Every structure is written in C-alpha cells, then in structure tokens.
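[1] Let me see the structure of the following:
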Amino acid sequence: MKYEDIPLINNIDAHNFELAVDGVVSFIDYKQKGDKIYLIHTEVPQEMEGHGIAAALVEKTFIYLEQHNLKIIPLCVYIVAFLKRHPEWSRLLAVHD
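    Below is the predicted model:
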C-alpha cells in the first residue's frame, strides 16, 4: 500500500478520518451510531487525485475500524466501488437489522 508511513487521523470533532499527504488533507466523512460507522463521503482534493490516496485512505480506515471492532455501512459511492474491487473487506459490513 502506498502511503503506509502516513498515519490515519480520526478527527472525532469533525467526524472525519483524515490522511494528510504533502500537507493536503483527504478525508472520509462519517457518522457513528453504537458499533456502526456510516461512511458518507470520501474527498480527495483535485490536485491530489490519481495518486492512490483515496484507496489508501479507505484501506487505512478499514484497518482502524477492524481494530476497534466497528462495522461499516457504506453510503459513499467510492467506498461501495472499493468494496466490489476488494471483497475481502466485506467482513466489516454491518448486518442490517
């Protein structure tokens, strides 16, 4: 994975998982309800697009969520597409009640 040396930041106040590359912050906007994380929107600034940052951000977020025993509800189209390309992460999907 590219960017493995850059730490993921859980900005709890902003409800964002953030990855800062060369001083530019990309983020996933989320809401948490209990042990479920609703992943709402992924944003990479235009000048940083095409460098694999979004994929690294999603992967780091998934690792973080798995380490914290949290389940995901993907609402972001990028994350839905990522899950189709990487079905091994479907283990994190929340079971619908």
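
[2] which ones are touching Pro45?
    Counting by C-beta atoms under 8 Å, 6 or more residues apart in numbering, Pro45 makes contact with 24-26. For glycine as for every other residue, the C-beta is placed from the backbone atoms N, C-alpha and C.

[3] now these: which count as buried?
    The neighbour-count test (16 or more other C-beta atoms under 10 Å) marks Ser26 as buried among those.

[4] which stretches of the chain form helices?
    Remark: helices of the chain, listed N- to C-terminal, are 53-67, 77-85; assignment by DSSP state H.

[5] any idea which of the ones you listed is most buried?
    Among those, ranked by average contacts under mean count of other C-beta atoms under 10 Å, first place goes to helix 53-67 (a mean of 19).

[6] Send me that helix as PDB with only the CA atoms.
    Only the C-alpha atoms of helix 53-67 are listed here, as PDB (Å, rounded to 0.1, in the frame of the first residue of the first chain):
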ATOM      1  CA  ILE A  53      -4.700   8.400  -2.000                       C
ATOM      2  CA  ALA A  54      -8.400   7.600  -1.800                       C
ATOM      3  CA  ALA A  55      -7.700   3.800  -1.900                       C
ATOM      4  CA  ALA A  56      -5.000   4.200   0.800                       C
ATOM      5  CA  LEU A  57      -7.400   6.300   2.900                       C
ATOM      6  CA  VAL A  58     -10.200   3.700   2.700                       C
ATOM      7  CA  GLU A  59      -7.800   0.800   3.400                       C
ATOM      8  CA  LYS A  60      -6.400   2.600   6.500                       C
ATOM      9  CA  THR A  61      -9.900   3.400   7.700                       C
ATOM     10  CA  PHE A  62     -11.000  -0.200   7.300                       C
ATOM     11  CA  ILE A  63      -7.900  -1.400   9.300                       C
ATOM     12  CA  TYR A  64      -8.700   1.100  12.000                       C
ATOM     13  CA  LEU A  65     -12.400   0.100  12.200                       C
ATOM     14  CA  GLU A  66     -11.500  -3.600  12.300                       C
ATOM     15  CA  GLN A  67      -9.000  -3.000  15.100                       C
END
